[in-house]
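K.L.:
Here's a sequence, model it:
(chains A and B)
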Amino acid sequence: MTAALVVDDLHARLGDLEILRGVDLEVPFGEIHALMGPNGSGKSTLCHVLTGKEEYAASGSARVADVELLGKSVDERARAGLFHAFQYPVEVPGVTLDDLLGELALLADDPEDFWRRVDEMSERLRMEPFRARAINVGLSGGEKKRSEMFQLAVLSPRAAVLDEIDSGLDIDAVREVAEIVESLRSPELGMLLITHYNRILRYLRPDRIHVMVGGRIVASGGPELAERLEAEGYESFQ
Amino acid sequence: MFDRSIVERRLELDPGWRRRRRLAAFERFSQLEPPSEREELWRYVELDFSLGDFELPEGPGRPIETDAVAAALAPVASIRVVDGFGADARAEVEGLVVGALAAHDGTTPSPERAVERAGIEPDDHFAAAHEAFTVDGAFIHAARGTRVPGPVYVDVQLTGSGIAAFPAVVLHAEPSTELPVVVHLRSPDGEYGFAAPHVVVLAEDGAVVSLTILQEWGSEVRAVGRVRFAADRDAVVRFTEVGLGGRYARVRLDGDLVGPGAEADVVGAYFGENHQVLDYRYHMRHAAPHTRSDMFLKGAVEDEASSVFTGLIRIEEEGQKTEAFQTNRNLILSKGASAQSVPNLEILANDVKCGHGSTVGPLDEEQRYYLMSRGLSAAQADRLQIRGFFEEAIARMPHHALAPIVRERLNRKFVEAQEEGRL
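P.N.:
Numbering: from 1, shown residues only, chains lettered A, B, ... in the order given. The predicted structure is shown next:
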């Protein structure tokens, strides 16, 4: 069985600056992994390099359900099954969520099934009032993250990277987002949750935790790793 | 062609109120040179035509068939102005008069008052030419208290090559009226023609006038348009222009808020392609206290097209407690395209709220990246972004029945450019 997401010796530079220096990572289907690390360790860069943001020059390998991502355009990666929940979801003035869903339905294998999922998930995630509004415009931090999770849910990706979906949220909103992530756990999907803080881990059970420092994974382990981080901070990993 | 003999023939048919104006205008026309880029009001454009390229038609050509616009609007009244000649007026609302300007026979309300108050002065070559050589146009009058329940459709056409037309549209909204009007400017693609439409609006106390110009001149038309309105006490003028056609298409707006509490909402959306030049000179004058104006224009240019927006808000000493805003946002979609955006404020009063914003730039990379991360192709993402860009202007337009057509025609220009591989 292949994994949802396999990252192999991934390097990335921004101009002369090497930010990812050989990342190795594997998230099997059905699992949720947490990626933790101090500011500047390269966590967000990893998300954008996987998504294919142009400004990074990447080498190595990153695969979603066995499909190589590197060398593909942003949309090809998404259609290969990658979903990236943005840390700062971008505002798209004048374009409603329904406009976007309409375009996505055109790409779906089974549009009818797609709209069924849209209706089901918009009810479950209370997204109904946001569908006729411009994407992310005027939404609170929690609402933006919920909108990201809603899009994840309707797109049925094979691998999802969730970039600090807990940042800037109050504790109730963190719990809600964590519950949504947990509810989306499925044997068809592997998720990598990037977080700076421990608190979201109180509400969901990652199968594994990876620690990133200086553009590399320096430790991987079970939930006990989060406890060690809590007690010792990142310094002991450097 | 543009000489005294024509003016004299016109004078014979003129109603009294127009004779004096025509003569004075011809006087000015004889003195005025064609405009040059050195003049502030003509900066950024180089005219590639002159009036001498065109002839004044003897009569109207064969009208162009009605299109989807008239059907979508379901107008309560309409009139056609073909090559400068008014015809086929229809109005079935009590208190509403719609007719050809030249046909005014003294039994109906006269255009004189509106023209006296808000008529366009012969202050440049083209305006003087219009006032000197115009034949006809549309006159729309709403009597005191009349609420016109749907739009009046004014179908202004240019039908042939080599023609110069000077159509006039005069709107007079008496006190406490509601008058919605859509002026559709159109001509066949490829025909080299000239039009100088003048639209004049008098909105008296408490009147609400919604005026939309849908500009769909053919690809080789040179158009020098003027719009002027005067808004009296508590009157509201909502003026929208959608600029789609023409090789060179200019609108100069002079908005005059002359009564206390008068308001103006000005909206624009334009899309230039190929070698189009879309030229907007919008002036708003606040000459009374508690007046409010908001200008909001969005435009895109691609290929070798260019656009100009120069906005001027002038607040006179009497304009205390006024609010005035202007926003102009431009998307440059190709390397060869350009947009000028120059907002200006002249404030002589000391207790006012004013603001302006102006941007010129490409499509937003972050938006494209975000939308592509959901699986949309770059082309799909850009189409969505363009749609959203114009949607903010469309949402402010007063004639909702027109929104689907405006949306479709603006977006179609972008899609065509994509499909033809220009973007």
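K.L.:
Near the residue in chain A that chain B sits nearest to, how many other residues are there?
P.N.:
At 3.0 Å from chain B, A:Gly94 is the closest residue in chain A, using CB to the nearest CB. (C-beta placed from N, C-alpha, C; glycine too.) By the criterion of other CB atoms under 10 Å in any protein chain shown, A:Gly94 has 21 neighbours.
K.L.:
contacts for stretch B:375-386?
P.N.:
Applying CB atoms under 8 Å, 6 or more residues apart in numbering or on different chains, the contact partners of stretch B:375-386 are A:73, A:75, A:78-79, A:92, A:95, A:99-100, A:103-104, A:107, A:155, B:300, B:331, B:363-364, B:367-368, B:371-372, B:410-411, B:414-415, B:418, B:423.
K.L.:
pLDDT below threshold where in the stretch 101-250 of chain B?
P.N.:
Where the stretch 101-250 of chain B drops to pLDDT under 70, the residues are B:104-107.
K.L.:
Run through the residues that contact B:Pro404.
P.N.:
With contact set as CB under 8 Å, 6+ apart, B:Pro404 has these partners: B:Ala72.
K.L.:
Now do the same for stretch A:11-22: mean pLDDT, whole number.
P.N.:
Across stretch A:11-22, pLDDT averages out at 96.
K.L.:
oh, I was asking about stretch B:2-15
P.N.:
pLDDT averaged over stretch B:2-15 gives 93.
K.L.:
now stretch B:340-356
P.N.:
pLDDT averaged over stretch B:340-356 gives 96.
K.L.:
distance between it and the chain's centre?
P.N.:
How far stretch B:340-356 lies from its chain's middle: 22 Å, per CA atoms, centre = their mean, to the nearest Å.
K.L.:
check contacts around the nearest residue to A:Lys144 once chain neighbours are set aside.
P.N.:
Closest residue to A:Lys144 apart from its sequence neighbours, by CB to CB, 6 or more residues apart in numbering or on different chains: A:Pro89 at 4.6 Å. Going by CB under 8 Å, 6+ apart, A:Pro89 touches A:Ile135, A:Asn136, A:Lys144, A:Lys145, A:Ser147, A:Glu148, B:Tyr370.
K.L.:
Verify the assumption that A:Pro89 is located in a helix.
P.N.:
No. Looking at A:Pro89 with DSSP: H, G, I helix; E, B strand; the rest coil, it is coil, so not inside a helix.
K.L.:
re the thing from before, show the buried residues in the contacts of stretch B:375-386.
P.N.:
A:75, A:78-79, A:92, A:95, A:99-100, A:103-104, A:107, A:155, B:300, B:331, B:363-364, B:367-368, B:371-372, B:410-411, B:414-415, B:418, B:423 (16 or more other CB atoms under 10 Å in any protein chain shown).
K.L.:
can you tell me which of those residues are in strands?
P.N.:
Cross-referencing those against strands under DSSP state E gives A:Val92, A:Val95, B:Ala300, B:Leu331.
K.L.:
Looking at those residues, which is nearest A:Glu164?
P.N.:
A:Val92 (20.3 Å; CB to CB).
K.L.:
show me where pLDDT drops low in chain A?
P.N.:
Scanning chain A for pLDDT under 70 picks out A:1.
K.L.:
same thing but 90
P.N.:
Along chain A, the model assigns pLDDT under 90 to residues A:1-2, A:39, A:166-170, A:196-202, A:205, A:223, A:226-238.
K.L.:
Please list the residues of it that sit near chain B.
P.N.:
With CB under 8 Å from any CB of the partner chain as the criterion, chain A meets chain B at residues A:51, A:53-54, A:73-75, A:78-79, A:83-84, A:86, A:89-95, A:99-100, A:103-104, A:107, A:134, A:151, A:155.
K.L.:
one step back: can you tell me which two in the ones in strands among the buried ones among the contacts of stretch B:375-386 are farthest apart?
P.N.:
A:Val92 and B:Ala300 (16.2 Å).
K.L.:
Would you map the strands across the stretch 1-150 of chain B?
P.N.:
Ranges of strands in the stretch 1-150 of chain B, per DSSP state E, counting those that start in this stretch, are B:77-82, B:85-91, B:96-100, B:137-142.
K.L.:
In the stretch 101-250 of chain B, which residue sits nearest chain A?
P.N.:
Closest point on the stretch 101-250 of chain B to chain A, by CB to the nearest CB, is B:Val242, at 15.9 Å.
K.L.:
ok, now how distant is that residue from B:Glu304?
P.N.:
Per CB to CB, to the nearest Å, B:Val242 is found 21 Å from B:Glu304.
K.L.:
Looking at those two, which is more packed in?
P.N.:
Using other CB under 10 Å as the criterion, B:Val242 and B:Glu304 rank with B:Val242 on top: 24 against 17.
K.L.:
partner residues bridging that one?
P.N.:
B:Leu214, B:Ala269 (DSSP bridges).
K.L.:
Verify the stated contact: it with B:Gly268.
P.N.:
Yes. Here B:Val242 reaches B:Gly268: they are 7.5 Å apart, a contact under CB atoms under 8 Å.
K.L.:
which SS class is A:Gly22?
P.N.:
On the three-state scheme (three-state DSSP), A:Gly22 is labelled strand.
K.L.:
Distance from the chain centre to stretch A:28-41, please.
P.N.:
Distance, centroid of stretch A:28-41 to centroid of chain: 9 Å (CA atoms, centre = their mean).
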